[in-house]
Each structure stands twice: as structure tokens, then as C-alpha cells.
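Student: What would the 3D arrangement of this be:
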Amino acid sequence: MNKIMEKAMKAPPVLPLVLFTATALADPATTLDRASELHRQALALEHGWSVTEPLIAEARAAMDAGNGGQAQALADRALLVAQQSLKQAEDEKSAWQTRVVGR
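Tutor: Numbers count the residues shown, from 1 in each chain. Modelled structure (predicted):
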């Protein structure tokens, strides 16, 4: 396991475990397409996380190497990270005011 994957796997999951059940039914390519789309949306809101693209690239490499299990695990993690970055973008629309203004 490389350093990016180790770092990503150590991060505590924030979404319910139901996410993993739902994405486990998809194939890695479908999961990666969804992760890429959500990452593009987060980038458009200036909240894309730097770990998302390397996870997507690693998942694609695992998929190309024929390692479907590893590809799916990485794709699931990339999707989770992309979802959380998008959630952070939504939360920050108002959360910054509490930190700056104190309201």
C-alpha cells in the first residue's frame, strides 16, 4: 500500500457505513465516474480536496492492472472523499461567518 492510500485509509470515515454498502454494488468504473463528477463540483466551489485526484488515479491504475477488489476499495474511498469535500463546500457557505463574526 502506498503512502497516499495509507493516509486516506487512516482518515476516519464521516459518512454512515451505508455509503459503503451502496457503492459496493457498483463497479469501480461507475464509482470513479461519480467520484470524478463530485470532485469537479467541489473544485468549482473551490473546495476540492488534494487527496481525491491521487485516489482516483490509483483506482484507475488498479483497475487497469486487473485488480478489481483494490480498484473498488480505492474508488469507494475516492467517492467518500469527494462527497465530503462537496459537503464541506456547502457547510462553509455559512460556517465561516460563525468563525469570523461570531454569530
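Student: Do I have it right that L79 meets E37?
Tutor: No. The criterion here is Cβ atoms under 8 Å, and L79 misses it with E37 at 9.9 Å. C-beta coordinates here come from the backbone N, C-alpha and C atoms, glycine included.
Student: So these two - more neighbours on which side?
Tutor: L79 (30 against 13; other Cβ atoms under 10 Å).
Student: Excluding covalently adjacent residues, which one is nearest to the more buried one?
Tutor: With sequence-adjacent residues excluded and distances taken as Cβ to Cβ, 6 or more residues apart in numbering, L79 is closest to A35, at 4.2 Å.
Student: what's near enough to touch E92?
Tutor: Residues in contact with E92 (Cβ atoms under 8 Å, 6 or more residues apart in numbering) are H47.
Student: Please give the element, helix or strand, for it.
Tutor: Here E92 sits within helix 68-100, counting by DSSP states H and E.
Student: Tell me which residue is most central in this structure.
Tutor: Nearest to the geometric centre of the chain sits V81, at 2.2 Å (Cα atoms, centre = their mean).
Student: you'd agree that residue is up against W49?
Tutor: Yes. With contact defined as Cβ under 8 Å, V81 counts as touching W49 (5.7 Å).
Student: So which bits of stretch 66-75 are buried?
Tutor: By neighbour count on 16 or more other Cβ atoms under 10 Å, the buried set for stretch 66-75 is Q70, A71, Q72, A73, L74, A75.
Student: would JSON lines of these with pLDDT and distance to E53 be doable?
Tutor: Shown next, in JSON lines, are these (pLDDT from 0 to 100; distance: Cβ to Cβ, whole Å):
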{"residue": "Q70", "pLDDT": "97", "distance to E53": "18"}
{"residue": "A71", "pLDDT": "97", "distance to E53": "16"}
{"residue": "Q72", "pLDDT": "97", "distance to E53": "18"}
{"residue": "A73", "pLDDT": "96", "distance to E53": "17"}
{"residue": "L74", "pLDDT": "97", "distance to E53": "12"}
{"residue": "A75", "pLDDT": "97", "distance to E53": "13"}
